[in-house]
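Peer 1: Kindly return the folded structure for what I paste below:
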Amino acid sequence: MAKAQETVLEIDLKALKHNYHFLRSKIKQETKFMAVVKAYAYGSDSLAIALYLQELGIDYFAVAYASEGIHLRNSGITIPILVLHPQKVHFKVLIESNLEPSIYSKSILSDFILMAQEMGVTDYPIHLKFNTGLNRLGFSAEELPEISELINKQNAIKVVAVLSHLAATEDSNEIEFTTLQLNRFDAICQEADTSFKNKPFKHVLNTSGIINYSQAQYDMVRSGIGLYGYGNEPGVDKELQPVATLKTIIAQKHSIPAGESVGYNRKYSSNSETITATLPLGHADGIGREYGHGKTFVLVNGQKAPIIGNVCMDMIMIDVTGIECSEGDEVIIFGKELPASDFAQTANTISYELITGLSQRIKRKVIL
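Peer 2: So this is what the prediction gives:
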């Protein structure tokens, strides 16, 4: 790979392929695989990721909102796309773009049926989401008879799938709760099989569920963070490859005498002569102020350099004392050599928040 000449997020499609095949190896050959590509494919490039996964034979995509699905559909994605959080204002364009909504409440269901009828469609595919314990979105199991009656007396929509969302599949202390959720979902699935005109397929497992609860893979599994190289468990992380590497360069070096301060509010003061380097990225790029004050380090020519003082909007200062480096040298913020999960942990957060929070002003570079 060429050395960075600016702040850039490199997106390694070979790593994506590796992760996909690793996760695929944990499920049956006939089980479908849904790739979650919401939030710019977890901060990377949703179109590049989706087009490549479509080439690899992925079965389904999932996005959070209709606008994300419309972008994919208008850019060459032809396989089914599930919208996880559809909203009434987007129902018309959702149908026009042949996106499949996850329906989670009676009001959303009624409104979607009305829109489908108004647009003259028949048997439009929907997924019904049930709440089994995450307590975020979803029908209760007790609502199934009522909603099945509503659905069965019309022909504008049909239920193609039933799903739920697990809360703690990566947590070994929550096996009992996860088992409870799976048992609840299984009961819902059994009732759903006889409640509708057609037998819906089922999906409930996320990345950690694929690893830890493969016996509950049903007809399809869903993976987001695992595809991008993070498995929420050290043992799994070793098997995955980070897809995104955030790089930048040294814009300027300074020699700071003892007793001098660095950055806004003088939050860093040197105890002895210190060599600092300024990097062209900051909290406007998604590297928040919580990463400053020596808690977090980056890699300069393979050596750890702590971030010092307050992170600025567009700049970060690091301590490169004792490190051979020059202006223009490449700096690794996170990636294969320094996983985003490790970087995020220094600020008491998770890889999801870090990578999905990367600004769109950072240049994306796809590598195959």
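Peer 1: Would you mind pulling up the elements that the longest helix seen in the chain packs against?
Peer 2: Ranked by residue count and defined by DSSP state H, the top helix of the chain is helix 175-195. Helices and strands touching helix 175-195, by 3 or more C-beta pairs under 8 Å, 6 or more residues apart in numbering; DSSP states H and E, are helix 144-152, strand 157-163, strand 201-203. Glycine gets a C-beta too; all of them are placed from N, C-alpha and C.
Peer 1: May I ask which helix or strand of the chain has the lowest mean pLDDT?
Peer 2: Least confident helix or strand of the chain, by mean pLDDT, DSSP states H and E, is helix 234-237 with a mean of 90.
Peer 1: what are the C-alpha coordinates of that one, in CSV please?
Peer 2: Only the C-alpha atoms of helix 234-237 are listed here, as CSV (Å, rounded to 0.1, in the frame of the first residue of the first chain):
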residue,chain,number,x,y,z
PRO,A,234,-10.4,-11.2,21.8
GLY,A,235,-10.4,-14.7,20.5
VAL,A,236,-12.8,-13.8,17.6
ASP,A,237,-10.9,-10.6,16.9
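Peer 1: can you list contacts of that helix?
Peer 2: 208, 211, 226, 229-231, 339, 341 (C-beta atoms under 8 Å, 6 or more residues apart in numbering).
Peer 1: re earlier: measure how far the longest helix of the chain is from the centre of its chain, please.
Peer 2: 25 Å (C-alpha atoms, centre = their mean, to the nearest Å).
Peer 1: Please point out which parts of it sit buried.
Peer 2: For helix 175-195, burial by neighbour count (16 or more other C-beta atoms under 10 Å) applies to 178, 181-182, 184-185, 188-189, 192, 195.
Peer 1: what would the residues you listed look like in CSV with distance to residue 201 and pLDDT?
Peer 2: Listed next are the buried residues of helix 175-195 as CSV, based on distance: C-beta to C-beta, whole Å; pLDDT from 0 to 100:
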residue, distance to residue 201, pLDDT
178, 21, 98
181, 19, 98
182, 16, 98
184, 18, 98
185, 13, 98
188, 13, 98
189, 10, 98
192, 10, 98
195, 14, 97
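Peer 1: about what we covered before: can you tell me which of the helices and strands packed on helix 175-195 is packed in deepest?
Peer 2: Stretch with highest mean neighbour count among the helices and strands packed on helix 175-195: strand 157-163 (a mean of 23; mean count of other C-beta atoms under 10 Å).
Peer 1: can you state the direction angle for it and helix 175-195?
Peer 2: Angle, strand 157-163 to helix 175-195, by axes from the mean of the first three to the mean of the last three C-alpha atoms, to 10 degrees: 160 degrees.
Peer 1: Tell me which strands strand 157-163 pairs with, and in which orientation.
Peer 2: strand 124-129 (parallel), strand 201-203 (parallel) (DSSP bridges).
Peer 1: I'd like a version of the helices and strands packed on helix 175-195 in CSV, one that adds distance to residue 53 and mean pLDDT as further columns.
Peer 2: Shown next, in CSV, are the helices and strands packed on helix 175-195 (distance: least, C-beta to C-beta, whole Å; pLDDT from 0 to 100):
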stretch, distance to residue 53, mean pLDDT
helix 144-152, 31, 97
strand 157-163, 19, 98
strand 201-203, 17, 98
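Peer 1: right, and those - which one's nearest residue 94?
Peer 2: strand 157-163 (12.1 Å; C-beta to C-beta).
Peer 1: what residues does the closest one touch?
Peer 2: Residues outside strand 157-163 that contact it (C-beta under 8 Å, 6+ apart) are 100, 102, 112-113, 116, 121, 123-130, 151, 188-189, 192, 196-198, 200-204, 219-220.
Peer 1: rerun at 7 Å
Peer 2: Identification of contacts with strand 157-163 by C-beta atoms under 7 Å, 6 or more residues apart in numbering yields 102, 112-113, 116, 123-130, 151, 188-189, 192, 196-198, 200-204.
Peer 1: would you put the C-alpha positions of that strand in CSV?
Peer 2: In CSV, the C-alpha atoms belonging to strand 157-163 read as follows (Å, rounded to 0.1, in the frame of the first residue of the first chain):
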residue,chain,number,x,y,z
ILE,A,157,-48.6,-6.9,1.9
LYS,A,158,-47.3,-10.3,2.9
VAL,A,159,-45.0,-11.4,5.8
VAL,A,160,-41.9,-12.8,4.3
ALA,A,161,-39.9,-12.9,7.5
VAL,A,162,-40.0,-12.7,11.3
LEU,A,163,-37.1,-11.3,13.3
